[in-house]
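> no FASTA, just this:
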């Protein structure tokens, strides 16, 4: 990938993560995540596609599993604990963009959550 592409993709991913953060600021519980699941899913979907192209495959995996969870919520599932899971995942994505935080442990938590839905 060209340096220009990586620069643009990085900017876009940061904007998508900020978008998730903006939505989460108005959420306080699981039900708020359910009500905002479609908007959140639009952001995770974009991250899922862009992150691997710029060398952030673990962020792509995390976003992909969150995307699957949000799609399940959009069709009526109401998993307990989704608010906390989204908040921590958001914080980990922000940190990963700053200092390449290892997302492996969070990916496992999110996969386990999804498996238990």
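Received it, and whenever you're ready, just let me know what you need. Since the structure is predicted, the reported quantities are computational estimates derived from the model, not experimental observations.
> and for residue 20, the neighbour number?
The number of residues packed around residue 20, counting by other CB atoms under 10 Å, is 24. Placement of C-beta: from N, CA and C, glycine included.
> surely it meets residue 44?
Yes - between residue 20 and residue 44 there is a contact at 7.4 Å, judged by CB atoms under 8 Å.
> ok, and what's touching the strand or helix carrying residue 6?
With secondary structure defined by DSSP states H and E, residue 6 is part of helix 3-25. For helix 3-25, contacts defined as CB atoms under 8 Å, 6 or more residues apart in numbering pick out 1, 36, 39-40, 43-44, 46-47, 50-51, 53-56, 59, 86-87, 90, 93-94, 97.
> what's near enough to touch the residue nearest the centre of the chain?
Closest residue to the average C-alpha location of the chain: residue 63 at 4.1 Å, with CA atoms, centre = their mean. When the contact criterion is CB under 8 Å, 6+ apart, the partners of residue 63 are 44, 45, 47, 48, 51, 93.
> moving C-terminal of whichever strand or helix holds it, what's the next helix or strand?
Using DSSP H and E, residue 63 sits within helix 57-74. Under the assignment DSSP H and E, the closest C-terminal helix or strand after helix 57-74 is helix 82-99.
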